[in-house]
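>>> Predicted model follows, preceded by the sequence.
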Amino acid sequence: MKEFAVLVSIHLKPGKQAEFLGLLMPVIDAVRREATFLNNFLHQDPEDPTRFMVYENWADRDEFFDVQMKRDYRKPYESRLPALLA
């Protein structure tokens, strides 16, 4: 296993923050129960509330791409996200 970090920068359309968080938080809650998950952080820019950053650490890079990115709990978030992005 090789530890792996994921850094995602997200810029939303104005007024989409609540919908975004409503979709993201169930994913964050679900990944916290995964065996290879180590930790994550969610940041919202205090100067621009439409900008977010998600930072995740995983214990196994291959497992992240081969298994974690295909989890069903990610589908609602991933399918709606493009419409929310600036």
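Arrived safely, thanks for sending.
>>> which strands and helices sit next to the lowest-mean-pLDDT helix or strand in the chain?
Least confident element among the helices and strands of the chain, by mean pLDDT, DSSP states H and E: helix 61-66 (a mean of 94). Where contact means 3 or more Cβ pairs under 8 Å, 6 or more residues apart in numbering; DSSP states H and E, helix 61-66 is packed against strand 4-11. Where C-beta positions appear, they are placed from N, C-alpha and C, glycine not excepted.
>>> Can you tell me the strand partners of the strand it packs on and which way each runs?
Sheet pairing of strand 4-11 (DSSP bridges) gives strand 51-58 (antiparallel).
>>> hmm, back to that, and the next helix or strand past the least confident helix or strand of the chain?
As assigned by DSSP states H and E, the chain's next helix or strand after helix 61-66 is helix 75-84.
>>> For stretch 77-84, give the mean pLDDT please.
Throughout stretch 77-84, pLDDT has a mean value of 97.
>>> Just the CA atoms of it, as PDB, please.
What follows is stretch 77-84, C-alpha atoms only, in PDB (Å, rounded to 0.1, in the frame of the first residue of the first chain):
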ATOM      1  CA  TYR A  77     -22.700  14.300  -5.900                       C
ATOM      2  CA  GLU A  78     -20.700  13.600  -9.000                       C
ATOM      3  CA  SER A  79     -23.800  13.800 -11.300                       C
ATOM      4  CA  ARG A  80     -24.900  17.200 -10.000                       C
ATOM      5  CA  LEU A  81     -21.600  18.900  -9.500                       C
ATOM      6  CA  PRO A  82     -21.000  20.100 -13.100                       C
ATOM      7  CA  ALA A  83     -24.200  22.200 -12.900                       C
ATOM      8  CA  LEU A  84     -23.000  23.800  -9.700                       C
END
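>>> Next, the buried residues of that stretch.
Within stretch 77-84, the residues scored as buried using 16 or more other Cβ atoms under 10 Å are Y77, L81, L84.
>>> Go through the least confident helix or strand of the chain and flag the buried ones.
E63, F64.
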